[in-house]
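J.: Predicted model and sequence below, questions to follow.
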Amino acid sequence: MSSDIVLLEYVWLDGYSTPNLRSKVKTIRGFEGKLPIWNFDGSSTNQAEGNFSECVLVPARAYKWTDNHVLVLCEVMNTDGTPHESNFRSKLRSIEETTSTGQYWWGFEQEYFMKKDGSPLGFPPDGNPKPQGPYYCGVGASQSKGRKLAEKHMVECLQMGINITGINAEVAIGQWEFQVFDGDTLKACDDLWMSRYLLHRIAESQELDIDTSPKPVVGDWNGSGCHTNFSNQKMREEGGKEMFEEILSSLETAHDQHISIYGEGNADRLTGQHETQHINTFSWGVGDRGASVRVPVSVEANNWTGYLEDRRPAANCDPYKVALRIVQTVEKTEDV
């Protein structure tokens, strides 16, 4: 390929209730850095009717994959310039300016299963492997499957400017987790979506599938979540047990609203077993990984300053919706 050709790979979320990532590539010769607006057929992505199917892709954030290959995360807009109804990113654009409690920090813990021919890596074709237990942070060919993919994904994300803070093998064999952190709400959510996209792309090249459904394996196996760690400036700097208990009380009051947007199929995961609280119950506890929301031990040790871990979001959640809902609850406003 000629050295003056740049590949712009446009990435967006489709219109299904659990959004799928979509992409297409534009080639540009003599690229000077300006990302053009593009369009796509929304009737094929559940975002438009066939008689008027054009949807608009507006570049939102670019990630340099290689010297001549750029991944472009886009917002979906209507042809009149207004945000498409499926575009929840647009609702987050001004979130930092409208909060009264200071800048939010976010840490997403993305769990997923690697699959080959429909089965998790390490599962025999005629049933289940040995029970879960030895696989969490496991080492060795019998205890860990898929490390090459997980590590390649981590390195390539870091090279693109996505702040992956760590990876680990999870409780079930073939199940992994990576963590994304950022002190900017919009970038944290963008980075999680793009890191998911890159994970699918790398897995595709290895003829593997990525499964982010909440309960990919039925039975005595952990599901997959996207535990969401969050704090605002007041939580980090002022703190106090009273402040944290007020936030936790607000999260309990709004429990149903949170659950409604925390991922489809989450009831199969939030059963009260496998380090979860039942989907119909809200609880919190210091160091309690079986609660809806965990208060880290460090928060109590540091005079109730720090962050909270919301353990309810499923692995297939939309981080734009999750972050918006958390801020709405903490700030006690529906208009963020």
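T.: That came through fine.
J.: got the residue ranges for the strands in the protein?
T.: Using DSSP state E, the strands found in the chain span residues 5-13, 21-29, 38-41, 54-66, 69-77, 105-116, 119-120, 164-169, 175-182, 209-211, 226-231, 284-286, 293-295, 308-310.
J.: which helices and strands sit right next to the fifth one?
T.: Contacting strand 69-77 under the criterion 3 or more C-beta pairs under 8 Å, 6 or more residues apart in numbering; DSSP states H and E are the following elements: strand 5-13, strand 54-66, helix 185-205. For the C-beta atoms, the positions are set from N, CA and C on the backbone; glycine is no exception.
J.: Can you check which of those gets nearest to residue 279?
T.: Residue 279 lies closest to helix 185-205 among the helices and strands packed on strand 69-77, at 22.5 Å (C-beta to C-beta).
J.: Run through the stretch 51-200 of the chain and note the low-pLDDT ranges.
T.: 96-97 (pLDDT under 70).
J.: State the phi and psi torsions of residue 313.
T.: The phi/psi pair for residue 313 (degrees, to the nearest 10) reads phi -60, psi 140.
J.: wait, it sits on residue 323?
T.: No. Assessed by C-beta atoms under 8 Å, residue 313 is found out of contact with residue 323, at 10.0 Å.
J.: any residues in contact with both of these two?
T.: Taking C-beta atoms under 8 Å, 6 or more residues apart in numbering as the contact rule, residue 313 and residue 323 both touch residue 228.
J.: Of the strands of the chain, which is nearest residue 257?
T.: Using C-beta to C-beta, the nearest of the strands of the chain to residue 257 is strand 308-310, at 12.8 Å.
J.: Sheet-wise, list the partners of the closest one with their directions.
T.: Sheet pairing of strand 308-310 (DSSP bridges) gives strand 226-231 (antiparallel), strand 293-295 (antiparallel).
J.: As a markdown table, those with mean neighbour count and mean pLDDT would be great.
T.: Shown next, in a markdown table, are those (neighbours: other C-beta atoms under 10 Å; pLDDT from 0 to 100):
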| stretch | mean neighbour count | mean pLDDT |
| --- | --- | --- |
| strand 226-231 | 23 | 98 |
| strand 293-295 | 23 | 98 |
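J.: Go through those strands and name the closest to residue 73.
T.: Closest to residue 73 of the strands paired with strand 308-310 is strand 226-231 (C-beta to C-beta; 17.9 Å).
J.: Let me see the residues that make contact with that closest one.
T.: Contacts with strand 226-231, where a contact means C-beta under 8 Å, 6+ apart, come from 104-111, 192, 263, 306-311, 313-317, 319, 322-323, 326.
J.: how far away is residue 121 from residue 141?
T.: Per C-beta to C-beta, to the nearest Å, residue 121 is found 11 Å from residue 141.
J.: which of those two has more neighbours?
T.: A count of neighbours by other C-beta atoms under 10 Å puts residue 121 above the other of residue 121 and residue 141, at 17 against 9.
J.: Tell me how many other residues crowd the closest residue to residue 334 other than its chain neighbours.
T.: Among residues not flanking residue 334 along the chain, residue 328 sits closest, at 5.8 Å (C-beta to C-beta, 6 or more residues apart in numbering). Neighbour count for residue 328, taken as other C-beta under 10 Å: 18.
J.: Tell me the spacing between the closest residue in space to residue 26 that isn't next to it in sequence and residue 73.
T.: Once flanking residues are discounted, residue 26 sits nearest to residue 8: 4.6 Å by C-beta to C-beta, 6+ apart. Per C-beta to C-beta, residue 8 is found 11 Å from residue 73.
J.: if you count what's nearby, which of the two comes out ahead?
T.: Legend: neighbour count by other C-beta under 10 Å for residue 8 and residue 73, higher for residue 73 (24 against 20).
J.: Quickly list what the more buried one is bridged to.
T.: Where residue 73 sits in a bridge, its partners, by DSSP bridges, are residue 11, residue 61.
J.: Now do the contacts for the residue positioned nearest the centre of the chain.
T.: In the chain, the residue lying closest to the centroid (C-alpha atoms, centre = their mean) is residue 192, at 4.6 Å. If a contact means C-beta under 8 Å, 6+ apart, then residue 192 has 108, 110, 180, 226, 319 as its contacts.
J.: number of nearby residues for the third one?
T.: For residue 180, the tally of surrounding residues (other C-beta under 10 Å) stands at 27.
J.: Test my guess that it contacts residue 196.
T.: No. If you go by C-beta under 8 Å, residue 180 and residue 196 don't touch, sitting 9.5 Å apart.
J.: Spit out the residues that contact these two alike.
T.: What both residue 180 and residue 196 touch, as defined by C-beta under 8 Å, 6+ apart, is the set residue 110.
J.: wait, doesn't residue 72 sit right on residue 62?
T.: Yes. Assessed by C-beta under 8 Å, residue 72 is found in contact with residue 62 at 5.3 Å.
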